[in-house]
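Novice: With the input below, show me the fold.
(2 chains)
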Amino acid sequence: MTRIVVTGLGAVSPYGVGVRPFWRGLAAGECAIRPITLFETEGFRSRIAAEVPAAAAAALPESPRRSRADRFALAAACEAVADAGLSPADRAATGLIVGAIGGGMLETEAWYWEMVRSGENPRRRRAVRSVLPYAHAEAVANRLGLRGPKETVVMACSSGAAPLALAADLITDGMAPVMVAGGVDTLTRICFMGFNALKLLDPEPCRPFHRDRRGMSLGEGAAFLVLEALDHARHRGARAYAELVASGSSTDAYHITAPQPSAEGMIRALMEALTRAGVDPAEVGHVNAHGTGTPQNDRTEALALTKVFGGCGLLVNAVKSMIGHTMAAAGALEAVATVLTLREGLIPPTAHLDEVDPEIPFDCVPLRARRAPIRVAISNSFGFGGQNVSLVFRRWE
Amino acid sequence: MMGGPGRRRVVITGVGSVSPLGAGGFAATATALDAGRPGIAPLRQFPTDAGASQLGAEVSDETLADLMDPEEARRLSRVCQLTIAACRLALRDARFDPAGSGAELGLIIGTEFGDLRSTESFALGYLRRGPVGLSPLLFPNTVMNIMAATATIAIGARAASVTLNQPTVAGDLAVAHAAALVASGRLPSALAGGVDEISPTVYRMLSQFRVLSPMDGGPEGCFPFDRRHNGPVLGEGATFVLLEPLEVARERGAPIYGEIRGAAWGSHPAGRGRVPRRPGNGSAIARALAQASLPADGITWAYLTGTGDARLDDWELSLVQAAFGAHRPRLTSLTSLAGDHAGLGALRVAGAAWTTRTRRFPAVVGLRDPVRTDCVFAMPGTTNPAGGAGLVHGVARGGTQVALVVAPPEDAES
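Specialist: All right, here's what the predicted structure looks like:
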């Protein structure tokens, strides 16, 4: 069995560009959810989100060919590859899987809004060329010279975690010794309006697992991890952050937007991940939850965790309480957070959690980060369409 | 096979296609390929601009209506209907019932454009009426996994479902990745293929960007590998194949149409929308052949992408020549039959399975004056017998390359 380790990390988050500010923000329990500045929000119930700070976004190299999301993806992927110390020869054998949803929709919306309102075809239609999600993978593969398998995965809110699961499988299959995998999304009007229309957004910063939670907050960002066959990493003297032991994936086949109330699909993903990892549930000390802050999601996820792990001992956090739901970036950013949690022995808190829902039987690490020498941790991602992905990481010793 | 020890042999046991060539399972698809009547014609769904492009390969409303219950159709967008109809046809063709099989079914869907028609409708609701004009029912369709979401519910597929976004070869990529997942045991079985529809805004934008025929001038049309090639003609439709482990297929007495003995894919970085200048190293063809334990001359025929995009056609032929050297497999393309769309990759795989069973090999419709004399093309009006194992090959602007080796079912049944 091929063992797979994480040898590089990269992030663009609502705390700025880089893994360091991302981890510093999470560890400090700092909420980055603020009023939206990227587009008009008048008339909507919720008008806040966790944007990448304007100064940080402005510092990323500009190009008329690149969308905001392309630039986030490039920054995070380049950081991860540099962090892993991949040489040009290594990169030529490296594959890439990018999770994405919105693509370059933010810029295309500006063009489309103007076209509909003015009745004319605006000149800046060049933005439309990078509207489709696959544009990010083409930009990243080209910049970094990645010649291995290249894919763009769209799996709703599990789009950021699924690339890690798929990439690990490709390494195990011998398709590539190294894979760069992660996800990216920017805020878009369509996403913001859609979740508002579904009444799933909290007008205040979201409060996952809170007794009075009222919905989610949106966010944006990108994260990539370099996954590598252990033998390959050892051969080139690479440092390992953690081991990606296994993953589990399932589909509810139940409802387009609602999770299965019995949590059966989530449980199958968790159990498949644990079984493939050869890990007993009692060995798992921490779960980085999908934890969106919607009443239904948090209740169902808690039910799944209770059925798999029982009620005690597990430390569960929801970093979306600080950085919002970054859509296709969420699963990847949370994987980075999980890896750093294992490495640093510090669990970032669930912010705003001054009163835990009595239906949630776990210690949700409220308000302040906690020191805990975790050995095995899970990162959960669940998406519209009943798409469930669970990743099992082990501390590297 | 597919990588060697500890891995399972993967066979094609079902085909479902709703394309400009018609709808049906393996037999209907074979009949359509044998007939070779192109589905490309002036667009009927919506008026085209006075722009350069007027042609498309459409699925008729009647074809789709015959496959869907009206009540179910009312709740689904057109691209979701195409997906579900093709998935059901494939399962019926394979005599496979996900609920009764005891094994969970995965679904891997390739698409280039997703449900952009619904995305546009959702946005227009806001632009015309403000926040009250937004439809919460339409919002999920703005995410490209909507076809997978609706199809998994409709057919009861509960293993992993994955949507891959990719230009030109989304369907080939979906089948290749699904084959790898079934071979490794990661998926018990999988429906894999692709779907796209022609939507007015996408068509007009592509025409304005001059990425459709006649992108370089001349008469509009899809002319793969012909000196007249001047861009692709957009098509639409959905085609899926059911992939199962050989032993499972044998045990349940499933029809075995062909075996996927190699599946590899990779990237030749070129930048968004660009075609690599050289064949490059690390060819997916060589890796797929190695998985299949076949020498280059073990391949006697190949279904290529051949979109009619001159630069892409030229790059594809250079990749084929680099992989096969002096050996010259017979080459064809289905794009001039069904137009360029994400369903075409699985249609190529279905075509390859048909070729392995019947030794029949479709001609490149419309090919008169080949761009190269050092390649052997399946010319119209000639018989093109093709035995043994063959290749399904996909290339896309941006540098993606996919290769699948498809072998005869006799071998799989032995």
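Novice: In chain B, which residue sits nearest chain A?
Specialist: B:A149 (2.8 Å; C-beta to the nearest C-beta). For every residue, glycine as well, the C-beta is placed using N, CA and C.
Novice: ok but that residue is inside a helix, no?
Specialist: Yes: counting by DSSP: H, G, I helix; E, B strand; the rest coil, one finds B:A149 located in a helix.
Novice: and the residue lying closest to it once chain neighbours are set aside, what does it touch?
Specialist: Of all residues not flanking B:A149 in the chain, A:G385 sits nearest, at 2.8 Å (C-beta to C-beta, 6 or more residues apart in numbering or on different chains). By C-beta atoms under 8 Å, 6 or more residues apart in numbering or on different chains, A:G385 lies in contact with A:155-156, A:251-252, A:256, B:140, B:143, B:145-146, B:148-149, B:152, B:161.
Novice: now do A:D298
Specialist: Contacts of A:D298 (C-beta under 8 Å, 6+ apart): A:P208, A:F209, A:R213, A:A289, A:G291, A:T292, A:A318, A:D357, A:I360.
Novice: Kindly report the same for B:P188.
Specialist: Listed by C-beta under 8 Å, 6+ apart, the contact partners of B:P188 are B:A103, B:E104, B:L105, B:G106, B:A159, B:V182, B:P245, B:V248.
Novice: cool, A:A49 as well?
Specialist: A:I33, A:R34, A:I36, A:L187, A:F192, A:S217, A:L218, A:G219, A:E220, A:G324.
Novice: Check it and give its pLDDT.
Specialist: Listed pLDDT for A:A49 reads 98.
Novice: Equivalent analysis for B:E410, please.
Specialist: pLDDT for B:E410: 64.
Novice: can you check A:C312 too?
Specialist: 71.
Novice: if we can go back for a sec, close to chain A as well: tell me which of the contacts of B:P188 qualify.
Specialist: Filtering these for proximity to chain A by C-beta under 8 Å from any C-beta of the partner chain leaves B:A159.
Novice: What average pLDDT does stretch A:18-32 get?
Specialist: So the average pLDDT for stretch A:18-32 ends up being 98.
Novice: Mind listing what's buried along the host helix or strand of A:L333?
Specialist: Taking DSSP states H and E as the criterion, A:L333 maps to helix A:330-344. By neighbour count with 16 or more other C-beta atoms under 10 Å in any protein chain shown, helix A:330-344 contains the buried residues A:330-343.
Novice: how about JSON lines for these, with pLDDT added?
Specialist: Formatted as JSON lines, the buried residues of helix A:330-344 follow (pLDDT from 0 to 100):
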{"residue": "A:A330", "pLDDT": "98"}
{"residue": "A:G331", "pLDDT": "98"}
{"residue": "A:A332", "pLDDT": "98"}
{"residue": "A:L333", "pLDDT": "98"}
{"residue": "A:E334", "pLDDT": "98"}
{"residue": "A:A335", "pLDDT": "98"}
{"residue": "A:V336", "pLDDT": "98"}
{"residue": "A:A337", "pLDDT": "98"}
{"residue": "A:T338", "pLDDT": "98"}
{"residue": "A:V339", "pLDDT": "98"}
{"residue": "A:L340", "pLDDT": "98"}
{"residue": "A:T341", "pLDDT": "98"}
{"residue": "A:L342", "pLDDT": "98"}
{"residue": "A:R343", "pLDDT": "98"}
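Novice: restrict the residues you listed to contacts with chain B.
Specialist: Restricting these to those touching chain B (C-beta under 8 Å from any C-beta) yields no residues.
Novice: Just give me the closest of those residues to A:A58.
Specialist: A:L333 (20.8 Å; C-beta to C-beta).
Novice: Double-check the closest one against A:F224; I have them as touching.
Specialist: No: with contacts counted by C-beta atoms under 8 Å, A:L333 stays clear of A:F224, the gap being 10.0 Å.
Novice: Could you name every residue contacting both of those two?
Specialist: When contacts are counted by C-beta under 8 Å, 6+ apart, A:L333 and A:F224 are jointly contacted by A:A11.
Novice: I'd like the list of the contacts of A:G385 that fall within strands, please.
Specialist: A:T251, B:S161 (DSSP state E).
Novice: So which of the contacts of A:G385 is surrounded by the most neighbours?
Specialist: A:M155 (37 neighbours; other C-beta atoms under 10 Å in any protein chain shown).
Novice: what's the helix or strand for the residue in the stretch 51-200 of chain A that chain B sits nearest to?
Specialist: Here the stretch 51-200 of chain A gets closest to chain B at one residue, A:G194, 3.4 Å apart by C-beta to the nearest C-beta. Using DSSP H and E, A:G194 sits within helix A:189-197.
Novice: I'd like the domain boundaries of chain B, if you could list them.
Specialist: Recorded structural domains for chain B (assignment: automatic domain parsing) are B:10-258, B:262-412.
Novice: counting contacts, what elements does the helix or strand hosting B:Q81 pack onto?
Specialist: Using DSSP H and E, B:Q81 falls within helix B:78-94. Using 3 or more C-beta pairs under 8 Å, 6 or more residues apart in numbering or on different chains; DSSP states H and E, the elements in contact with helix B:78-94 are strand B:10-19, strand B:22-24, helix B:61-65, strand B:105-111, helix B:146-155, strand B:189-196, strand B:237-245.
Novice: Output those in a markdown table; the columns should cover distance to B:C375.
Specialist: Converted to a markdown table, those look like this (distance: least, C-beta to C-beta, whole Å):
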| stretch | distance to B:C375 |
| --- | --- |
| strand B:10-19 | 26 |
| strand B:22-24 | 30 |
| helix B:61-65 | 34 |
| strand B:105-111 | 27 |
| helix B:146-155 | 36 |
| strand B:189-196 | 26 |
| strand B:237-245 | 26 |
